[in-house]
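**Q** I'll drop the sequence and a predicted model, then ask my questions.
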Amino acid sequence: MSNSRLEVSNSCYKNNDFIIGDTKDVLDIKNQYLIQTYFVTNDEFDSVKKVNDIKNLSCSSIVGDGEEEYLAGYCDYTIYPLIDIKIKGSGISDILKKNNHAPTGFFLIHDTTAIHRRDFDLYDNFFNFTKKKYLKKTIKITSKSMCFAPLCDSELSSIFYDHPMQSDGKRIIKPFEEFDKEKVKSFQKELNKLKKQKKKKEHGSIVKYAVDNGTYDVYRPEYNGGGLIFVLKK
């Protein structure tokens, strides 16, 4: 069941790759160094693969079933948080009334994907979405906060993009310790503020949800010509 109170519609410019993980891990400054460095020194496929190799972070892509999003340059998407109605002592009417249970699953869907959201039958598709072949990674949440962040996030300072260029056009990876200490310190403060802020709905921004700690599986299934991201608590 979708918790409509927490649904978020958003847009990213020329980017349909998303990082999913514990907020403290996504916004960890050493992880941000890796993420931004991979993005600027690798092509899109390698960037996603390398970020997905970072401990406790998963990186996946969503794709719509049309071409208009590429022409417009925007990835328009919606996140649908799901709540588990199998709670001992609580009926559906109680959940509908309070609607404040922490999500136990998420859909991240491109807005051009052919899903009729009001009558979409999750029950019929659940096992198709959670097949082993679609599993990208298992992550752990320990801070009671899950974060969805575009791989290239316009909201975050790109201080780690500054890697020297060689004559052949390739970049030499600059070690973390060689970046300006004052800029790194300022960026650390920016990251700390984002960790404390509530979920945001601006263009290109990260989206955070309060969730229960535990282990979550991240899947990247297909549906009607589109690719979506499905996150489920184990």
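**A** Done, it's in.
**Q** for this structure, name the helix or strand with the lowest mean pLDDT.
**A** helix 68-72 (a mean of 54; mean pLDDT, DSSP states H and E).
**Q** starting at the chain centroid, how far to the next helix or strand after that one?
**A** Counting by DSSP states H and E, the next helix or strand C-terminal to helix 68-72 is strand 74-82. For strand 74-82, the separation from the chain centroid amounts to 10 Å (computed by CA atoms, centre = their mean, to the nearest Å).
**Q** again, but for stretch 159-178
**A** 26 Å.
**Q** what comes up buried for it?
**A** For stretch 159-178, a neighbour-count test (16 or more other CB atoms under 10 Å) marks 159, 160, 163, 174 as buried. The way it works is simple: take the backbone N, C-alpha and C, and place the C-beta from them, glycine included.
**Q** quick one: secondary structure of the third one?
**A** Right, residue 163. coil (DSSP: H, G, I helix; E, B strand; the rest coil).
**Q** state the phi and psi torsions of it.
**A** For residue 163, the backbone dihedrals (degrees, to the nearest 10) come out as phi -110, psi 130.
**Q** from what I see, it and residue 39 are in contact.
**A** No: contact status for residue 163 versus residue 39: not in contact, 10.8 Å apart, counting by CB atoms under 8 Å.
**Q** flag every buried residue along stretch 213-228.
**A** 216, 217, 218, 219, 220, 221, 223, 226, 227, 228.
**Q** ok, now how distant is the fifth one from residue 168?
**A** Remark: distance between residue 220 and residue 168 (CB to CB, to the nearest Å) = 34 Å.
**Q** do residue 132 as well
**A** Separation of residue 132 from residue 168 (CB to CB): 41 Å.
**Q** which residue is nearest the middle of the protein?
**A** By CA atoms, centre = their mean, the chain has its centre lying nearest to residue 148, at 2.8 Å.
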